[in-house]
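Asker: Below is the sequence, then the predicted model.
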Amino acid sequence: MTFFVRCSFASLFLFAAHVSAAEQPAGDVARGQYIVESVAMCERCHSPGGALGQPDPHHKLEGAPILQPVPGWAIYAPRLAGRPPGTDEEFVRLLTTGISRTGAPPRHPMPPFRMTKPDAEAVLAYLKSLHH
């Protein structure tokens, strides 16, 4: 009986480890959502109405004009939902190093993020999950 219990426990442990690995992308998406919505606050600039405090839920992260343009700043925040600008590698580099696909820092008001690679990949996974 003890052998059976040990084998069952070992099988359950291996199954749980396999399920956790299989569910990892969903975890990445959830982490990415948390970073985008609660930490980086991307909706403030990349969603219409976000700068006014209430992003349009029907156009979440679809890009928006910068409401108070400043000389030298970007005039439009690009679309992030579904397909962020550039390749996946360029987008992750932007979020981890603060260097855009042009080889320069992003234009203000975009901050030069210094995320970890797993966090940047989670943000990318979340943004790609948004299909509009």
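Answerer: Noted; the coordinates are in hand.
Asker: least trustworthy helix or strand in the protein by mean pLDDT?
Answerer: Every helix and strand of the chain was ranked by mean pLDDT, DSSP states H and E. The lowest is helix 2-22, at a mean of 37.
Asker: Where does pLDDT dip in this protein?
Answerer: 1-26, 132 (pLDDT under 70).
Asker: Would you mind measuring the gap between the ends of stretch 105-115?
Answerer: Between the start and the finish of stretch 105-115 there is a gap of 14 Å, counting by Cα to Cα, to the nearest Å.
Asker: who touches that stretch?
Answerer: 35, 40, 45, 66, 70, 72-74, 77, 94-100, 120, 123 (Cβ atoms under 8 Å, 6 or more residues apart in numbering). Where you see a C-beta, it was placed from the backbone N, CA and C, and this is true even at glycine.
Asker: switch to 7 Å and redo it
Answerer: The contact list for stretch 105-115 (Cβ atoms under 7 Å, 6 or more residues apart in numbering) reads Cys45, Ile66, Trp73, Ala74, Leu94, Leu95, Thr96, Gly98, Ile99, Ser100.
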